[in-house]
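Here is a sequence together with a model predicted from it:
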There are 2 protein chains.
Amino acid sequence: MNAKTVIEEILKEKGSIKQVYWVACGGSLIDLYPAHFMLNAESATIESGWYTSKEFILSTPKKLGKNSLVVMCSHSGNTQESVDAAVLAKEAGASVIALTDGKGSKSDDPRFIAWVYPWGDGVPTAEVPSGITLLLAAELIKAQEGFDKYDALCDGIKKMDGIVAAAKTKVNAELGDAFAKACQENNFFYILGSGANFSQTYGFAICSLMEMQWQNCSYIHSGEYFHGPFEVTENGVFYFLQMGSGKCRPMDERALTFLKTHTDRLMVLDTLEYGMDAVDLSVRDYLDSVLLYAMNVELRAARGKVFDHSPDIRRYMGIEKY
Amino acid sequence: MNAKTVIEEILKEKGSIKQVYWVACGGSLIDLYPAHFMLNAESATIESGWYTSKEFILSTPKKLGKNSLVVMCSHSGNTQESVDAAVLAKEAGASVIALTDGKGSKSDDPRFIAWVYPWGDGVPTAEVPSGITLLLAAELIKAQEGFDKYDALCDGIKKMDGIVAAAKTKVNAELGDAFAKACQENNFFYILGSGANFSQTYGFAICSLMEMQWQNCSYIHSGEYFHGPFEVTENGVFYFLQMGSGKCRPMDERALTFLKTHTDRLMVLDTLEYGMDAVDLSVRDYLDSVLLYAMNVELRAARGKVFDHSPDIRRYMGIEKY
């Protein structure tokens, strides 16, 4: 599959796309956020919506129709509410791209433009949902209205693989043990981030920590932090700050300045110190999250080792009926 | 000020509105969410975006222009990043409504359509931001494309004052003491909700509890709960579930079923048991949040009494420079 060809064929059939709805659950929904964020910032013609699948079904946007594109993602391919959302969208006349790692799954269905992606160590960013969705959005903007950041984005996606590889070594050397220790010393803590990266702030909390480590935590938007949440900050409360490298960085910098003097338990992961300076400034906001996801994976593994809790263990998901 | 007249004048000047951007910080941002949610579900012609003010400034939507309406809200009227966002929008050619309680504040500025609202006990829902924003959205949909739920929504807004008054007595009798005790017994807990109500799930966490009670907590979307966060659920972990009364309710019901058998510390606030059955089903999704906000206020006050911590106390906001 190829993003350019997929978008060309959709536009040939539909003429134009007026809305893109990004629909998935949990970890898959998180992967779709940066492309949604980029469309909102960069497109003059396309509306973008981002929905957890069940809410898309229960409170379906009235505009959903022939000129809508729904990008659904289900890693296993069998997340029922995501499949149902895709069917609902198809029946409303929308074009539906279904991203899945599950060949032969319910998402790998001829009613959808099924895109089965590979997964695992060494698979390039361009071939997994976080990269595919950015490429789909970029091709759509480019084809429909022109996109002056297209080349920078494609170049950035290519660079991410090398950046991530180097950053894995660095984060394990610099933060891995300290993060695991912080989890031992804090039953609960806060993770902060902003912009498109807020998806990985949320993702670090709900996927890497709550789901995979049974670690209590919360996630706060760095910009919103000063409008309520900061009142809970004091010595003894642990904060993990994800700092972006793009235009949204000032929100993270403001949080950093405050946190430095208001808690004695602070850990910072600054994407600018993890290789993002190699990416063009104009697209860093959309690519930081690829790096942050990889860092979340390393840090949960580091915690898992110290707690003897493999990130693969589940007690409810896929085990109980719910 | 009157929502109908304001929208009529904007449409007279602009012809049509293509985008509405709801822009504010913290508690004010929370108040804008149900109107944003309603526009997405109910409008066939208007795109809706919801932004914390600084992110709107740093990652401004490319579509912002003459046919955009920006609804900014700052309770004090002097939230600098919200005022800056409003000025930015005005300079881009957008119509800007500035909602504020602060007469003579920076938001009460002739460059904006300044709407100074009253605040305090006994002020009707229709006259505060949670009601005003729904009315603005409803008038806009009605004028531009027709809105078959308009009468039901207006009727519902009128009914909310009586519903809230009765619910205050009920929540204090039934949940007040128990909630305060739960806060004593749990250093940290989770709040769940979905749909437009998720704004008050977030609001209960970041405003009522983190800001006003220095209470650690986290907020989880009921639909997302099953895609990661539920793995952290076990006996001894306290959950507060806000159940909606509208179309999104199935997400909360599913969470309830699971929580009932997976933790021994659960508190439920079911809006259907607090008077929402009096509101037409078609608009309950947009009005539950008015009730939930009022319940958050009562519950934080109940906690405040037991902890001898007035909800008016701040240690950083408006005190330190940040």
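The structure has been received and is ready for your questions.

residues in the stretch 1-150 of chain A within reach of chain B, list them.
Contact residues, the stretch 1-150 of chain A versus chain B (CB under 8 Å from any CB of the partner chain): A:25-27, A:29, A:37, A:40-44, A:47, A:49, A:52-55, A:58-63, A:79, A:81. C-betas here are computed from N, CA, C, even on glycine.

Now with 6 Å, please.
Residues of the stretch 1-150 of chain A found near chain B, taking CB under 6 Å from any CB of the partner chain as the criterion, are A:25-26, A:40-44, A:47, A:52, A:54-55, A:58-59, A:61-63.

what about burial for those residues, which qualify?
With burial judged by 16 or more other CB atoms under 10 Å in any protein chain shown, the buried subset of the residues of the stretch 1-150 of chain A next to chain B is A:25-26, A:40-43, A:47, A:52, A:54-55, A:58-59, A:61-63.

Out of the residues you listed, flag the one nearest to residue A:150.
Closest approach to residue A:150 among those (CB to CB): residue A:42, at 9.8 Å.

quick one, phi/psi of that closest one?
Torsion angles at residue A:42 (phi, psi; degrees, to the nearest 10) stand at phi -110, psi -10.

What count of nearby residues applies to the residue of the stretch 201-322 of chain A found nearest chain B?
In the stretch 201-322 of chain A, the residue that lies nearest chain B is residue A:227 (2.7 Å; CB to the nearest CB). Residues near residue A:227, counting by other CB atoms under 10 Å in any protein chain shown, number 26.

hang on, it packs against residue B:26?
Yes. Residue A:227 is in contact with residue B:26 according to CB atoms under 6 Å; the separation is 2.7 Å.

burial of residue A:198, as a residue count?
Per other CB under 10 Å, the neighbour tally for residue A:198 reads 29.

pretty sure it belongs to a helix, no?
Yes. Assessed by DSSP: H, G, I helix; E, B strand; the rest coil, residue A:198 belongs to a helix.

give the contact list for it.
By CB atoms under 6 Å, 6 or more residues apart in numbering or on different chains, the contact list for residue A:198 reads residue A:221.

so what's the residue of the stretch 201-322 of chain A closest to chain B up against?
So residue A:227 contacts B:25, B:26 (CB under 6 Å, 6+ apart).

and the lengthiest helix in chain A, average pLDDT?
Longest helix in chain A by number of residues (criterion: DSSP state H): helix A:281-307. Regarding helix A:281-307, the rounded mean pLDDT is 98.

Stretch A:15-24 too?
Stretch A:15-24 shows an average pLDDT of 98 in the prediction.

what do you get for stretch A:37-54?
Stretch A:37-54 comes out with an average pLDDT of 98.

hang on, the earlier thing: among the residues of the stretch 1-150 of chain A next to chain B, which lie within strands?
Within these, residues falling in strands by DSSP state E are A:47, A:52.

tell me which of the residues of the stretch 1-150 of chain A next to chain B is nearest to chain B?
Chain B has its nearest neighbour among these in residue A:26, at 2.7 Å by CB to the nearest CB.

nearest residue to residue A:274 other than its sequence neighbours?
Closest residue to residue A:274 in three dimensions, ignoring its sequence neighbours and counting by CB to CB, 6 or more residues apart in numbering or on different chains: residue A:167, at 4.3 Å.

now swap in residue A:284 and tell me
Of all residues not flanking residue A:284 in the chain, residue A:246 sits nearest, at 3.6 Å (CB to CB, 6+ apart).

element containing the one you found?
Assigned by DSSP states H and E, residue A:246 belongs to no helix or strand.

Next: residue A:104.
Judged by DSSP H and E, residue A:104 forms part of no helix or strand.

For residue A:236, grab the count of nearby residues.
When counting by other CB under 10 Å, one arrives at 9 neighbours for residue A:236.

Any figure for the gap between it and residue A:191?
Going from residue A:236 to residue A:191 by CB to CB, to the nearest Å gives 17 Å.

again with residue A:40
Counting by CB to CB, the gap from residue A:40 to residue A:191 is 23 Å.

returning to what we had before: would you check which pair of the buried ones among the residues of the stretch 1-150 of chain A next to chain B lies furthest apart?
Top of the distance list for these (CB to CB): A:42 and A:58, 29.7 Å.

which residues sit against the one helix or strand residue A:9 maps to?
Per DSSP H and E, residue A:9 falls inside helix A:3-14. With CB under 6 Å, 6+ apart as the test, helix A:3-14 has contacts from A:67, A:95, A:135, A:136, A:139, A:140, A:143.

Which members of the residues you listed are positioned in strands?
Those of the contacts of helix A:3-14 lying in strands (DSSP E): residue A:95.

farthest pair in the contacts of helix A:3-14?
Based on CB to CB, the longest span within the contacts of helix A:3-14 runs between A:67 and A:135 and measures 20.8 Å.

just to revisit the earlier point, can you check the pLDDT for the residue nearest to residue A:274?
pLDDT for residue A:167: 98.

ok, now the one 5 residues further on?
Residue A:172 is assigned a pLDDT of 98 by the prediction.

Contacts only, for it.
By CB under 6 Å, 6+ apart, the contact set of residue A:172 is residue A:298.

try 10 Å this time
Counting by CB atoms under 10 Å, 6 or more residues apart in numbering or on different chains, residue A:172 touches A:179, A:295, A:298, A:299, A:301, A:302.
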